[in-house]
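Colleague: Take a look and give me a structure for this.
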Amino acid sequence: MAVPKRRTSRARRDKRRAHDALRPPARATCSNCGAPRAPHRVCPSCGFYRDRVVIETEPE
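Modeller: Now for the predicted structure:
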C-alpha cells in the first residue's frame, strides 16, 4: 500500500482546497416584473421568459 514519505504542509493542503468554497446561486432579474430568478429559467412570479408568457400565473 502506498504511504506518503512526508507530511503534507498546511500551505500545500490549503492551496489544493482553494477552489472548494461554495458560491451563491446565480441570479438574474426578470425583464417583465423585476423579480429575481434563475438565469435561463421561467420567472416564477409572472411566468415570462424572453418577453413571452410561457406559463399562466394567477394575478397578485
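Colleague: hey, let's count contacts and neighbours off CA atoms from now on
Modeller: OK.
Colleague: what's stretch 39-54 in contact with?
Modeller: By CA atoms under 8 Å, 6 or more residues apart in numbering, the list of residues contacting stretch 39-54 from outside reads 26-28, 30-33, 35-37, 55-57.
Colleague: measure that stretch end to end?
Modeller: 15 Å (CA to CA, to the nearest Å).
Colleague: between the contacts of stretch 39-54, which has the most around it?
Modeller: Comparing those on neighbour count, residue 30 comes out first with 23 neighbours (neighbours: other CA atoms under 10 Å).
Colleague: what about that one, distance to residue 17?
Modeller: In terms of CA to CA, residue 30 sits 35 Å off from residue 17.
Colleague: Quick check: the gap between the spatially most central residue of the chain and residue 37.
Modeller: By CA atoms, centre = their mean, the chain has its centre lying nearest to residue 25, at 2.5 Å. To residue 37, residue 25 is 10 Å away according to CA to CA.
Colleague: can you list the weak-confidence ranges in the chain?
Modeller: Confidence mapping of the chain against pLDDT under 70 gives the ranges 59-60.
Colleague: Helices along that one, start to end?
Modeller: 10-16 (DSSP state H).
Colleague: and residue 50, how many neighbours does it have?
Modeller: 13.
Colleague: where's it relative to residue 32, distance?
Modeller: 9 Å.
Colleague: circling back: taking the contacts of stretch 39-54, tell me the two that lie furthest apart.
Modeller: 26 and 56 (24.6 Å; CA to CA).
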